[in-house]
Every structure is written in structure tokens, then in C-alpha cells.
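Peer 1: Next input, structure requested:
(3 chains)
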Amino acid sequence: MMQSAQPSHVDIGGPRQPLLTITGLTKHFALKGGLRNRAGGSVRAVDGVDFEVLKGETLGVVGESGCGKSTTARLLMHLIEPTRGEVVFDGCTVGGRDLPLKEFRRQVQMVFQDSYASLNPRLTIEDSVAFGPQVHGLAHGPAVMRARDLLARVGLEPARFAERYPHELSGGQRQRVNIARALALQPRMVILDEAVSALDKSVEAQVINLLLDLKAEFGLTYLFISHDLNVVRHVSDRVMVMYLGQVAELGPSDALFDTPAHPYTQALLSSMPSMDPDHRTEKAALAGDPPNPINPPAGCRFHPRCAYAAPLCSQMEPARIANGSARSVSCLIHQPGSGHPLAQPKEVAT
Amino acid sequence: MSSLIASSTLNAPVPVQRSRGYWASVWQRFTHDPVAMGAAFVVLVLIAFALFGHSIAPADPYQSSMLKRLKPIGTPGFPLGADELGRDMLSRLIVGARLSLFIGITPVLCAFVLGTLIGLVAGYAGGIVNTLIMRVIDVFYAFPSVLLAIALSGTLGAGVVNSLISLTIVFIPQIARVAESVTTQVRNRDYVEAARASGANAFTIVRVHVLGNVLGPIFVYATSLIAVSMILASGLSFLGLGVKPPEPEWGLMLNTLRTAIYVQPWVAALPGAMIFITAISFNLLSDGLRSAMDNKG
Amino acid sequence: MLLYLLRRVLYALPIMFGVALVCFALIHIAPGDPLVSILPPDASADLQAQLRELYGFNRSLPEQFVMWAWRALHGDLGTSIASNRAVAGEVFTAVGNTLRLALVATVIGFVLGCLFGFVAGYFRGSWIDRMASLVSVLGVSVPHYWLGMVMVIVFSSQLMWLPATGAGPSGSDQWAWDWEHLQYLLLPAITMSVIPMGIVARTVRALVADILDQEFIVGLRAKGLTHLGVFRHTVKNAAPTALAVMGLQLGYLLGGSILIETVFSWPGTGFLLNSAIFQRDLPLLQGTILVLALFFVVLNLLVDVLQTLLDPRIARA
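Peer 2: So this is what the prediction gives:
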């Protein structure tokens, strides 16, 4: 018997308030005084990240490996303690009086990349899915009922699958279980951390369609992290591009992909293999050494690999500037009056 | 919705049988291993001796007789001979199983419980708690086990309880180390993170997700310690530190019969043979268990 | 790598401190007044008061520990109640005897263990493997004190080939590596070698099977490597771990020799421990355990260092 689930949480701030507001999120991992690094530096995995997630949208997050996407996701969920920064959920500070951590965890859930490692090999999949609701007070019987209901919704027939163990399922099926598990707590937001990256392409397509259906049915908000640009474009309303622990650019999906503003975004997009034999991807877009989060470059972090780098870029850190409606870029080119040869001069107020 | 139905049939695996749990498959593999089953049989016989020894034994193990001292194997009325006080060897060997098995297995059991607890806490907590706990464990681990057992027994004094305490202390560090190592591995797995993400507290996570995945390897390691413990416990009695006379216990019997090796060598060697057989059986049992648990489903 | 070695050495120091602490605590866990433990039973009241002052039993525990450790560092491990001689002297004489026994036993055990282990690993899966593995299981399961008794029965009592007890025709004062003395060493050493043999055999078998299963061996064979060549490769790869195990076994035998030394009346540290226990001679007990335990820690350290130097993978880390 299928019931359509109503979001069980009260929408506090109303539709105009962002669901999630992240301010100044920073995480430095301390390095032990290693053999090379006498000073004992730190890995600056996430360094001052600000963004918002609007209610009902899908925010895509892209970037190379090591840019801090997964760390950001874990910081959001407080699976790792942030060094600095604030997470505000629907107007309430997470961990504060109005929103204790356990309650926050009920409203935001996550689906991980490795579908096998995400499931306890000793539990049946219905027990795995029923675990979360039981933690929050639901009795065993109703929790299992809800688990079976969700398994049916994600396309796994409960009569056949509920009492199986993770090793008896395929990758795509396990990921469906993980999605069911995430939904078991009736969250408002789901973070998908490379959730489809490890799947075969055909299976990936099915799971993405499932995710879109579920989003519509349950009124969810998604944070979709991936390195696959095509998928992100297809799925997301807005996209955030991260580089070396910082936000390079953020904007509506189509606008960002059609007219990328940040040089890094341009390079990323042009490195996508082209489908058009007349316009082949010839040149490798990104030059220079891969980034090192322990000692990031001074000034703008992208400047060693940037095609438009000027001497100024190694000295001055770009600020985040609004670039048209709902878009922002962190690049000196788009910062009026920065002094970059390609930047516009600052408008003089008259 | 149609996409959902179509995808479920595309992904359907072929066999539609009831799934088998992990322990059921371990049991299956174990029962098909002839060596392990043979060892299990011997162990069961020994346990039967331990539990029902007094009923099975043909004669009174405490009944001494100065006339019947040190009779050889095959003497009428004394199928395995008589010891230095004229007591029937067969009866003493059978009844001796109780104490010998008891002082061998109990320390491992206690160390299993305590060591797992310590290892779980150290492994799950991590950080400074882990470092502190494991450093203390390392200090005890730095002693060779025989030496530590003797040191503790020697200072506490003879007696069954004291030797149980000493041996438990000897085995706790070994089990704690294994427990900590396995717990740390499991703690870093994604499903534990997912459990934390669902808001569960540490105790619930350990109970539901960590314990089940950790007890298996620790248990196998503990079973491999039983043979060592038996030999060590009987060794303590052999030195006069464990069981006190006139209780029948194989190590103690070896001690009291030592002077008889020139008179009735084979009778004197019998208790040690029992220890040997028991140790082999437990070792083979433990090896069989480990093989059965090694393949994952 | 030097940094790693330095860290390893530094790490051993708190362990040694902990070991000393445990040894110190031994006297205090013994039931009864610690003073009674270290005094001969007929001591006068004056003597009691003197020793109470000397050992500081009227001071706090940490102070006592410092005093005891200070004396130990200067070589004063107290006086044996039974013999009234300095503990340190007795221990060091005994250590020499045990070392002889343990070294020979370790070498025998190592050689035999490598033999069985290599054969088992090379012919893994076959009946040779099963036989060899059985031998190693037997080695680990046999109560060595019982085996000693059986050896004495067979070789001394029945066959009369070798002496049963003692360390030499004229006691343990003179030792020479000649047959007259060696014949006393043979039985206890062979008995003792059974344990390391079992463990080394198991380890070597696993190592050899592992190495031979690796793909680079197939690659080398395809390039025409002879059996001898494969053998050399295997040895080179297995050597560091095997040697490490041998070192550890030596340490274990040093510490755990008491049972065998009791059976053969071999005048080593084990024998000393035995008499210390029976005579409730706690200073002797404490001193012997301290020396043996510290020996073990240092040996482990040396084994670690050696393994680091030999194994290029660790060295480069």
C-alpha cells in the first residue's frame, strides 16, 4: 500500500528562506611533523566557503579530486568538526538551542559513493534501512514497515529483497538501498556525494531517474556532488564550482555551462570530450602542476594554471563578486577595479 | 513510476532463494572440514570428562593405598597404572580434565570479555584515549607471557584463583590489541559514518554496527589462545604455583610424578600426554574456525 | 629513516619505565607486609627497622619507586634472602647459562622451522605441505615441560645416551664448548627448540606461499628463471620477516625458560626464578624478572631496527 509521504517537518522560514546557509566554512587538517615538513603544516581542505542551498533546488558541486567537495559535505553534516564557520539550517544555527545536532541529522541525510562499504555486511537491508527511524524513537515493527515501503519505492520488491544481505545485491541495487536508507528519516535535504559515480552508465541513468522522481514526490532538496559534468548539468538547477578548498564560481546550471565566467570553469568545460567530430577537443585545457592543499599558491589559488594570469593574481586574493543575477565569481577579471588587465575599471558613482 | 518497475526487473538477480546469514555459512564450511570435526569431537569428549568425570571414572580418584604405589599400565584394577600414592591413574586423568580445562579456558574467557571491552573503547574513541590505553597495554605486552604469568603467580602465591588472575592478566593485552585493531578498521568504514549521520549515539552504533563485525575475528584469536593457556596453566601447577594437592590436575600430576620417571616412566608421562592431546585439538579447532570464517559469504 | 629509528628507540623508553614500574609493584601486591617479604624470617627488630629505613617503606610509594629504580640503575638489585648474596651477581651468572641454552635452541628451531616451512610453502596444497604443517602444529601444541620429561625418559633413563640434569660434569662454573659439556646441553636445547620451530615453520610457510603466489614470480619464470633463482628470490623476500620472528622467539625463550630449566635442572635464570618462588625470596624474584623483561624489550627493539635496515620498503618510508 503506497502512501504519498508528506514532509513531516515544519517549514519554518517559508519558501524564500534558503534551506541551508553556509558561512566561512573552513577545515584545516593538522599534519604531524613529518619528515619533509618540519613546521608541521596543515592540509587546508576547505578554506572559507560561503554558499546557500535554496528550498527545493538541486545544487550541483563540481571540481577536481582534492578540491574539497566531499569534505564540505561531511562538514555540512557535522561528521567532521569544522575549524571555523557556521551552518544555518532554515534560519536555525545547527547545534544551537533551536536545532540540536540529532534533530538536524534527521533533516539532512547523505548517500555515499561506495555502495558496498555504506552497508553493514551483517545486517539485512531492511534492518539497515530501519536503523535510522529506530534511533529517532520509532518502534521496531513500524520501522520495518517503513523500510519495506521505501524499498518498494526505490524499485526493490520487499518480498524478494528485504531479508537479503548487501553482498547478495548488485552495485545499483545497493545504491538504491542507500537511497532508501537516507529517505527513511524523512529528511528535507539529501546530500549525494558521488552517489552514482561508481555505477555502470546504464545503471547510473536509472538511479538518476529514480532520484529525480523521489525529489518530486517527497519535495526534497538535493546537494549533488560529482566530477561528471554532464550528469551535473542534467540534474542541477544551480552549480557550484570548487577549486582547492574555495568556491570559484556559482550560478544557474545552464548559464554557467553555456557562458562560464571563471577561467577554471572554462578549462573544466573545454576538457570534456566533445561529441562533435567537427569540433574535437584537441588541447589539454589545464596546464601546470596539480594543486597542493598543504601549501596553496599565494593570491588567487588558480593562478599557476590560469591562461589569463597576470602578475597581480599571485598577490591579491579575489573576492566573491556577484556577476549578473544569481551568479557569483571569484576572479580578479570579474572584479571591477581590481587592476587586472582584463577587468573593468571601477564605476565611479556620480 | 513505470521507470521504477522496469528497472527492478532489469536488475533482478537470478536465484530467488532465502538468503543465508553469515554464521550459517560459517557453520556449513566448518562441518565439512574433517580435521576440524575430528578435533571438535575430541574436545567434546574432554568436556564430557570435565562435566561428568566423577560418574564416568571407574574408581575413586582420591583413594590412596600405600601398597599399590606406582603400578604399571595394565595392572588389574588399574588399567592405566597407579600414581605415587597408589591412586588409579585412569580415574585421576578423567576427573583431572575438569580442573585442567577449567584453569585453561576460564582465563581466556575472562580475558576475551575484558580485552574486547578495552579494545572496543580504545578503538572507537581514538585520539588521546586510544593512545593512553594502548600504551598501558603495551607495557604488559612487553613481558614474555610465561615470565609475566610466573611473576604474578609467584608474588600472589599458589592457588587456583591466583593463577586464574595471573593468566587473565597475561592474556588481556593480547586480546585487547587485536580488538583495538579490528575496531579501528571497522570504525572508519562508511556504514559507521552513515550510522553517525543518522544521529545515533556512540553506544547504539557500537552495539548495532561495530560489535557484530568485530566479535568474529576477536573470537577466533581467543580460541587460538586456549591451547597456550592450558599449557601455561598446567605449567604453573607443574611448578607448584597453581592447583594444590590432592586435587587431580594434569600439570600437578606431572609434578608429583616427576620423581617416578625412573621407576614407572610411562605412567609418569601420561598426564602430559593428556595436555598434549587437548592442546592439539583446540589448536586444530581454532584453525578450522579461522578457515571457515575466512571466506566472505 | 634515521628519524624512524630514533622514534622507535624513544618509544622504547616509556615502555621500559612501565616495565620497571610493574616489577616494582610486584613486591607490593604480594600478600602481607612487604618488609616481611624481603627479610629473613628470624630478623631482629633492629634489622627490621634498619631495612625499613633503607628501603623507605615508611615513605610514600612514588618515593620508594624512585629509590628502588635509582639503586637498580646503579646495579644494586637487593640481596637474596636465601643465599644472602647480591641479586645482581646471581642473576648475571644465571643469564649467561640461559643465554647459551636459548641461543642454541633458537638456532636449531629456526633451521628446522625454515626447512619445514619452506617445504610446506613450496609444495603448498600437497601431502608434503600437510605433513610439514602437521609438524608445526605439533610443535606449537606440545607442553614443552612434558616433552622434556619424555626426552629424559627416552634418552637418559632408557637409552642412557645423555645425562638428564645439570649443566656440566663439575657444575655450572666452568663452561666449554666441548662434548663433555655439550652433552648436557643437547636434551634441553632440543626440547626448547620445538616451540620456535613450530612458530617459525608456520610463519615461513605463509611467507613462502605468499611470495610464490605473487605475479612477479610468474613473470620471472616466464623470463626463464631457474628453480635456484626462484629459491634465491624467495629467500631474499622472506628473510627480513623470518629473522624478525627468530629474534622474537629468542626473547621469548629467554623469558620463558623456567619450565625447561626446572625439568633439566639447568642453572639458568629460570631455575633461579623457581627457587626464588619456593623460598619466597622476593628480592631475587623481582630482580630476575626486571632483568629478563628489560632484556626482552631491548631485544624487540634490536629486532625492529634490524628489520628496518634489511627491508627496503620500510627503510624508505
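
Peer 1: list the buried ones in stretch A:303-313?
Peer 2: Across stretch A:303-313, burial judged by 16 or more other C-beta atoms under 10 Å in any protein chain shown covers A:His303, A:Arg305, A:Cys306, A:Ala309, A:Ala310, A:Leu312, A:Cys313. (Glycine included, C-beta is placed from N, CA and C.)

Peer 1: just the strands in the stretch 101-250 of chain A please.
Peer 2: A:108-111, A:189-193, A:221-225, A:238-243, A:246-252 (DSSP state E, counting those that start in this stretch).

Peer 1: any low-confidence regions in the chain?
Peer 2: Just going to use chain A. A:1-10, A:31-41, A:274-275, A:279-290, A:323-325, A:347-350 (pLDDT under 70).

Peer 1: nope, chain C
Peer 2: C:1, C:32-41, C:43, C:52-58, C:81-82, C:168-176, C:215-217, C:224-226, C:311-317.

Peer 1: Identify the residue of it closest to chain A, quick one.
Peer 2: C:Leu3 (5.7 Å; C-beta to the nearest C-beta).

Peer 1: how many other residues sit next to that residue?
Peer 2: 10 (other C-beta atoms under 10 Å in any protein chain shown).

Peer 1: Tell me the buried residues in the helix or strand encompassing it?
Peer 2: Per DSSP states H and E: C:Leu3 is located in helix C:2-29. By 16+ other C-beta under 10 Å, the buried positions in helix C:2-29 come out as C:Ala12, C:Ile15, C:Met16, C:Gly18, C:Val19, C:Ala20, C:Val22, C:Cys23, C:Phe24, C:Leu26, C:Ile27.

Peer 1: ok, which of the residues you listed also contact chain B?
Peer 2: With C-beta under 8 Å from any C-beta of the partner chain as the criterion, those include C:Ile15, C:Gly18, C:Val19, C:Val22, C:Cys23, C:Leu26, C:Ile27 near chain B.

Peer 1: Would you enumerate the residues in contact with the nearest residue to the third one once chain neighbours are set aside?
Peer 2: In this case it means C:Val19. The spatial neighbour of C:Val19 that comes closest, neighbours along the chain excluded (C-beta to C-beta, 6 or more residues apart in numbering or on different chains), is C:Ala293 at 4.8 Å. Contacts for C:Ala293 (C-beta atoms under 8 Å, 6 or more residues apart in numbering or on different chains) come out as B:Ala142, B:Phe143, B:Pro144, B:Leu147, C:Val19, C:Val22, C:Cys23, C:Gly255.

Peer 1: Let me know the distance separating the first one from C:Phe296.
Peer 2: When C-beta to C-beta, to the nearest Å is the yardstick, B:Ala142 and C:Phe296 sit 7 Å from each other.

Peer 1: and if you look at the fourth one?
Peer 2: Remark: distance between B:Leu147 and C:Phe296 (C-beta to C-beta) = 8 Å.

Peer 1: Now the common contact residues for these two.
Peer 2: C:Gly255.

Peer 1: SS state for the residue of the stretch 251-350 of chain A found nearest chain C?
Peer 2: Using C-beta to the nearest C-beta, the single residue of the stretch 251-350 of chain A nearest to chain C is A:Ile294, 18.7 Å away. Recorded secondary structure, A:Ile294: coil (DSSP: H, G, I helix; E, B strand; the rest coil).

Peer 1: wait, doesn't it sit right on A:Ser42?
Peer 2: Yes - at 7.3 Å, A:Ile294 counts as touching A:Ser42 under the criterion of C-beta atoms under 8 Å.

Peer 1: If you drop the residues flanking it in sequence, what lies closest to B:Ile103?
Peer 2: B:Ile103 sits nearest to B:Ala233 (C-beta to C-beta, 6+ apart), 4.0 Å away.

Peer 1: what residues are up against that neighbour?
Peer 2: B:Ser100, B:Ile103, B:Gly104, B:Pro107, B:Ser163, B:Leu167, B:Gly242, B:Gly251.

Peer 1: Could you confirm it falls within a strand?
Peer 2: No - going by three-state DSSP, the assignment for B:Ala233 is helix, not a strand.

Peer 1: roughly how far apart are it and chain C?
Peer 2: B:Ala233 is 10 Å from chain C, where distance means C-beta to the nearest C-beta, to the nearest Å.

Peer 1: Model confidence score at that residue, please.
Peer 2: Note for B:Ala233: predicted pLDDT of 91.

Peer 1: quick one: it and chain A, what's the gap?
Peer 2: 34 Å.

Peer 1: With respect to burial, which of the strands of the stretch 101-250 of chain A scores highest?
Peer 2: Of those, the one with the most neighbours on average (mean count of other C-beta atoms under 10 Å in any protein chain shown) is strand A:108-111, at a mean of 26.

Peer 1: Closest residue of the stretch 101-250 of chain A to chain C?
Peer 2: Taking C-beta to the nearest C-beta, the stretch 101-250 of chain A has A:His167 as its residue nearest chain C, at 24.3 Å.

Peer 1: picking up where we left off before, redo the contacts of B:Ala233 as a markdown table? Include secondary structure, neighbour count and pLDDT.
Peer 2: Listed next are those as a markdown table, based on DSSP: H, G, I helix; E, B strand; the rest coil; neighbours: other C-beta atoms under 10 Å in any protein chain shown; pLDDT from 0 to 100:
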| residue | secondary structure | neighbour count | pLDDT |
| --- | --- | --- | --- |
| B:Ser100 | helix | 30 | 90 |
| B:Ile103 | helix | 26 | 91 |
| B:Gly104 | helix | 26 | 90 |
| B:Pro107 | helix | 27 | 95 |
| B:Ser163 | helix | 27 | 91 |
| B:Leu167 | helix | 29 | 94 |
| B:Gly242 | coil | 30 | 84 |
| B:Gly251 | helix | 33 | 89 |
